[in-house]
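Enquirer: structure for this input, please:
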Amino acid sequence: MAYSMIFMPDYGDKTKMLRHLTEARLWFDQVPGKNDTVWRYFLHTELLKAVLDADPLFHPILASANEERSN
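Expert: Numbering: from 1, shown residues only. Reported below is the predicted structural model:
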């Protein structure tokens, strides 16, 4: 849902988008054998990454993905 929101005028409701991304992360964390590379790939999809980079509201979720890479 968060990905589809970037195609809405003014990116839809950004707090809803963040809520969807946070919820998606919680679900992702429950997948047995999850691979954080997959999560980073999802966040770094070209269009989504552009939106997330452009708005400080999304910086914490990007930072958490980058912290996992460095650990």
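Enquirer: how many residues are close by residue 49?
Expert: Around residue 49 there are 14 other residues, counting by other CB atoms under 10 Å. From N, CA and C alone the C-beta is placed, and that goes for glycine too.
Enquirer: quick one: buried residues of the one helix or strand it maps to?
Expert: Residue 49 belongs to helix 46-54 when assigned by DSSP states H and E. By neighbour count on 16 or more other CB atoms under 10 Å, the buried set for helix 46-54 is 48, 51, 52.
Enquirer: with stretch 20-30 instead?
Expert: So, applying 16+ other CB under 10 Å, buried residues of stretch 20-30: 20, 21, 24.
Enquirer: what's the mean pLDDT across it?
Expert: Stretch 20-30 carries an average pLDDT of 88.
Enquirer: where does the chain dip in pLDDT?
Expert: 1-3, 6-7, 9-12, 66-71 (pLDDT under 70).
Enquirer: which residues touch the residue lying closest to residue 53 once chain neighbours are set aside?
Expert: Nearest non-adjacent residue to residue 53, counting by CB to CB, 6 or more residues apart in numbering: residue 62, 7.3 Å away. Going by CB atoms under 8 Å, 6 or more residues apart in numbering, residue 62 touches 43, 52, 53.
Enquirer: give me the element residue 65 is part of.
Expert: With DSSP H and E as criterion, residue 65 is part of helix 59-70.
Enquirer: and the end-to-end length of stretch 26-43?
Expert: For stretch 26-43, the first-to-last residue distance is 14 Å (CA to CA, to the nearest Å).
Enquirer: ok, stretch 25-33 next?
Expert: 14 Å.
Enquirer: ok, stretch 42-60 next?
Expert: End to end - CA to CA - stretch 42-60 spans 15 Å.
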